[in-house]
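> build the 3D model from these lines:
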Amino acid sequence: MASTTSWSDETIAVFGASVTGPGHRRAGELNQDAWRSGRAHGARWVAVCDGMGSRVHARHGARAATRAARDAVKQWARVPDASSALLVRLVEVLWRLNVAPHPPDACATTCLIGVVQPHGRVTVAALGDGLVAYRDADGDDGRDGRDGRDGRDGRGARFSNETLALGCAHHMNDWFTRSWTPSGSFTLVLATDGISDDVPPERVGVFLDWAGGLASVAPRARGASVRRALHTWPTPGHIDDKTLAILQGAFA
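Residues are numbered from 1 along each chain as shown. Coordinates of the predicted model:
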């Protein structure tokens, strides 16, 4: 399948937005989420990170993680079949260099990454809270960082109460990673817990419908559409920062 799959840059949409939550706005504090997207060696990628609010340099840590993702993908994507394990090892090292001279535990942050390569492989890597949800011709799938759940249609495969993040004690196999080659169109959504906490597993499909539909507006308006949706988030009493990024495309 991979040898016959290809895409043109025009068939890939990558967009997103991050907004400060009501709690931080009331406290006069800045957004501790971050997101970034880009291109590297023909690949398109996106990263979404959520600095842990209890850490003094959380905002710095989240931004450093998006830069680490950028630099890691630049190296990793040079080798078309490089493993996802190599990608997360690069992110771990580069993040620590990016947060220096601050101690890593003062900069703790989650990290969600999605990459689509021109030969057709999609790779996701995630550490910590948040939602990674994807849809292709085979259906919906996802990983919910609140409890480590992963599996088709949100059915749980494992459970953990551990708080996982860059800067917190963890093992490399705590990263959730998955690579696959979709046929036809696909949608990949990454969201911090300011959003995922309001999306129960049985509603992930509806959430994918909504988020994927944001790609239907003009390219220049997509980011503004996401930002507007996050500013008018309908859940009563929500307080957290919110970041949402979408990577959507079609293979021939």
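> would you map the helices across the stretch 101-250 of the chain?
Ranges of helices within the stretch 101-250 of the chain are 193-196, 204-213, 219-231, based on DSSP state H, counting those that start in this stretch.
> G128 is nearest to which of those?
helix 193-196 (8.6 Å; CB to CB). (Glycine included, C-beta is placed from N, CA and C.)
> where in the protein is the helix or strand with the lowest mean pLDDT?
Least confident helix or strand, the chain: strand 149-150 with a mean of 46, by mean pLDDT, DSSP states H and E.
> show me where the protein has strands.
Here the chain has its strands, by DSSP state E, at 12-19, 33-40, 43-50, 111-116, 122-127, 131-136, 139-144, 149-150, 176-180, 185-191, 242-250.
> these: which one's closest to G212?
With CB to CB, the closest approach to G212 among those belongs to strand 185-191: 4.1 Å.
> average pLDDT for stretch 215-222?
Here stretch 215-222 scores 92 as its mean pLDDT.
> what do you get for stretch 19-37?
The predicted model assigns stretch 19-37 a mean pLDDT of 94.
> start to end distance for that stretch?
Criterion CA to CA, to the nearest Å; first-to-last residue distance in stretch 19-37 is 16 Å.
> any residues touching that stretch, and which ones?
Contact with stretch 19-37 is made by 14-18, 44-53, 58-59, 62-63, 65-67, 69-70, 190, 192, 194, 227, 230-231, 238-243, 245, 247, as judged by CB atoms under 8 Å, 6 or more residues apart in numbering.
> and that stretch, how far out from the chain middle?
Centroid separation for stretch 19-37 versus its chain: 17 Å, with CA atoms, centre = their mean, to the nearest Å.
> want to throw the strands of the chain into a markdown table with mean neighbour count and distance to R203?
Converted to a markdown table, these look like this (neighbours: other CB atoms under 10 Å; distance: least, CB to CB, whole Å):
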| stretch | mean neighbour count | distance to R203 |
| --- | --- | --- |
| strand 12-19 | 21 | 20 |
| strand 33-40 | 21 | 21 |
| strand 43-50 | 28 | 19 |
| strand 111-116 | 28 | 19 |
| strand 122-127 | 24 | 19 |
| strand 131-136 | 23 | 10 |
| strand 139-144 | 20 | 11 |
| strand 149-150 | 18 | 14 |
| strand 176-180 | 18 | 20 |
| strand 185-191 | 24 | 13 |
| strand 242-250 | 24 | 15 |
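> ranking these by mean pLDDT, which is last?
Mean pLDDT values for the strands of the chain show the minimum at strand 149-150, a mean of 46.
> report pLDDT for the spatially closest residue to C107 that is not a sequence neighbour.
Nearest residue to C107, sequence neighbours excluded (CB to CB, 6 or more residues apart in numbering): G61, at 3.0 Å. G61 is assigned 98 on the pLDDT scale.
> what about G61, neighbour count?
Neighbour count for G61, taken as other CB atoms under 10 Å: 31.
> likewise for the one 10 residues further on?
Neighbour count of D71, defined by other CB under 10 Å: 18.
> the residue nearest to C107 contacts R96, doesn't it?
No. Using CB atoms under 8 Å, G61 is not in contact with R96, being 10.3 Å away.
> name the residues contacting each of these two.
By CB under 8 Å, 6+ apart, the residues touching both G61 and R96 are P104.
> ok, residues contacting stretch 212-229?
The contact list for stretch 212-229, computed with CB under 8 Å, 6+ apart, reads 13, 15-17, 19, 135, 187, 189, 244, 246, 248.
> now for the strands of the chain, which one comes closest to L166?
Closest to L166 of those is strand 111-116 (CB to CB; 5.6 Å).
> ok, that closest one: who's next to it in the sheet?
strand 43-50 (antiparallel), strand 122-127 (antiparallel) (DSSP bridges).
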